[in-house]
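# After the sequence you'll find the predicted model.
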Amino acid sequence: MAGVRKLQSGTMQGWFKHYEGHRAFFTLGRRATRREVLNAAQTLEVEHAQIRLGIKPRPDAQRTVGTLPIGEAVAEYLAWGSFQGSRGGRPWTPKNRQTRARHLAWWQECLHLRILVNVQGILPQVERVLQGLAQAGCASQTIKHRLTSLCAFTRWCARRGYLADDPLVQRTPVQVQAQRRRRALTLLETQRLLEQCRPSRRLLYETALLTGLRANELRQLSLDHLDIEQGALRLDAAWTKNRQAGVQPIPATLLVQLYEAGRSGAPRDAYRRYGRTKPTPAQPLLFVPHDTATMIATDFQRAGLPLETAQGVLDFHSLRVTAINLLMSQGASAVETQAFARHQSLQMTMGVYGRAHAGRMSILVETLAAALQGPPGCAPAVHAQAVGETSPTPRRAIAREPERPTMSLTGSATITGAHTWTACGEWTFCAAVLRSTPAASACGASAKEAG
């Protein structure tokens, strides 16, 4: 006889008599009521009784799996993901597992999924649900995340033979439209931020600008990640966003400051005062608070920088955008910029993070117009006939590369070619500017006046 009982977790578990004679148990999810589970158990028991009496044929393997309760299939999927569901067979992060579980529970409630066979032919229903979310004002990125969780589950079921085919394989991808765009700081704004921010946060901002690391990646840095010989930071695959280990070169001066900060124990003491509950390294290099938005907004206001303009908004991740764009202004190639940002695709680096400089674009347009018009007061055709040329040859402007100044940062360290003078009339980004030592500031000012 079919029945239902309540587990210690609060989930209702039903049972029925299998056509092979043993008792089978199942669950329909944590939100299923006792009445729903009991109705499902009675329905299954009637079907299995008809199979046992010969009224219905014995189901094959595919039909047997189709009667599997959706809750058990989801639990098996989440267990697989926690073990090897990420890239390269690595486990999911706890946050990713929690998000997938929440999304799948939401889909079970919206689509009224009870057993695995209910997943077949759900594409029209899924599209109607997504349309309802869009009409309710839900962000396109949120809609995409919910659809991705369901598609990953159905694809996993199809690959393991639980479903004959993936019911969502013909879906239309959700086009993500950014509601806000981050802007990159200019060089003068970057210098102003470093001068006006709190001294305890200056090293954090410098590291973010010179490495392009994200907030959580900066939070995981410890003394063990400093490579003194290569002058770089070693990134672990356990906490990088792309789940791949890497090496990020850093300036020698920044390497020394990070080493001193880690040895002093000041970041560790700051975490203790902050009362952070999440695990942190034993010897962290930097103190990165959980609420980076409040921290960066306070320092931006101290520096007199607006948080939102027509070009976009500013937050902590804008420092990564700034680092990528300032590196490109130094003449880095597209491949080098992609390697610095640690992106899988060049479209992400250039299309999402790349920004066009309005002042430089104006100068480039003027240069193009001057090249098309030719030198003033010169007729190329008349000149060609005078010298005996059969066809006029336009004169090409030859730009001489400006000399690169030599800057002395400290008494023993000298960097040559750290700055280049751009057509926009400003110094491009370099590590020496961010140090803002007295010697560097004086040298930079004298070099700019000489230019």
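It's in.
# Backbone torsions only: list them for the residue lying closest to N325 once chain neighbours are set aside.
Of all residues beyond its chain neighbours, the one nearest N325 is A184 (4.3 Å), with distances taken as Cβ to Cβ, 6 or more residues apart in numbering. C-beta: built from backbone N, CA, C; applies to glycine. Summarising the backbone geometry of A184 under the convention degrees, to the nearest 10, its torsions are phi -90, psi 140.
# Just to check, A184 is in contact with R355?
Yes - in terms of Cβ atoms under 8 Å, A184 counts as a neighbour of R355; the distance is 4.7 Å.
# more crowded one of the two?
Neighbours of A184 and R355, each counted by other Cβ atoms under 10 Å, are more numerous for A184; the result is 24 against 16.
# ok, the more buried one - contacts?
Taking Cβ atoms under 8 Å, 6 or more residues apart in numbering as the criterion, A184 is in contact with S318, V321, T322, I324, N325, L326, R355.
# mind redoing it with 10 Å?
Contact criterion Cβ atoms under 10 Å, 6 or more residues apart in numbering gives 190, 311-312, 314, 318-326, 328-329, 353-355, 357 as the residues in contact with A184.
# Nearest spatial neighbour of R155, chain-adjacent residues omitted?
Leaving out its chain neighbours, R155 is closest to D166 (Cβ to Cβ, 6+ apart), at 5.4 Å.
# pLDDT score assigned to the one you found?
D166 carries a pLDDT score of 93 in this model.
# For it, give its distance to Q98.
Shown here: D166 relative to Q98, a distance of 25 Å by Cβ to Cβ, to the nearest Å.
# before we move on, the earlier item: I'd like the list of the contacts of A184 that fall within helices, please.
The helices in this structure, assigned by DSSP state H, contain T190, S318, L319, R320, V321, T322, A323, I324, N325, L326, M328, S329 from the contacts of A184.
# Give me the nearest residue to the spatially most central residue of the chain, chain neighbours excluded.
Residue closest to the mean C-alpha point of the chain, counted by Cα atoms, centre = their mean, is K241 at 6.6 Å. The shortest distance from K241 to any non-neighbouring residue, by Cβ to Cβ, 6+ apart, is to R214 (6.4 Å).
# between D166 and Q98, which one's more packed in?
Neighbour tally, D166 and Q98, criterion other Cβ under 10 Å: the higher count belongs to D166, 17 against 12.
# I'd say the more buried one and G121 touch.
No - using Cβ atoms under 10 Å, D166 is not in contact with G121; the gap is 11.7 Å.
# Next, V247: secondary structure please.
For V247, the assignment made with DSSP: H, G, I helix; E, B strand; the rest coil gives strand.
# residues near it, how many?
A count of neighbours around V247, defined by other Cβ under 10 Å, yields 11.
# Contacts only, for the nearest residue to it once chain neighbours are set aside.
Nearest in space to V247, with sequence neighbours left out and distances taken as Cβ to Cβ, 6+ apart, is A232 at 4.8 Å. Going by Cβ under 10 Å, 6+ apart, A232 touches T211, H225, L226, G246, V247, Q248, P249, I250, L255.
# ok, now how distant is A232 from P249?
5 Å.
# before we move on, the earlier item: which residues are in contact with the residue nearest to the centre of the chain?
Contacts of K241 were listed using Cβ under 10 Å, 6+ apart, and they are L213, R214, N216, E217, R342, H343.
# Redo those residues as JSON lines? Include neighbour count and secondary structure.
As requested, the contacts of K241 are arranged in JSON lines below (neighbours: other Cβ atoms under 10 Å; DSSP: H, G, I helix; E, B strand; the rest coil):
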{"residue": "L213", "neighbour count": "25", "secondary structure": "coil"}
{"residue": "R214", "neighbour count": "19", "secondary structure": "coil"}
{"residue": "N216", "neighbour count": "13", "secondary structure": "helix"}
{"residue": "E217", "neighbour count": "21", "secondary structure": "helix"}
{"residue": "R342", "neighbour count": "18", "secondary structure": "coil"}
{"residue": "H343", "neighbour count": "18", "secondary structure": "coil"}
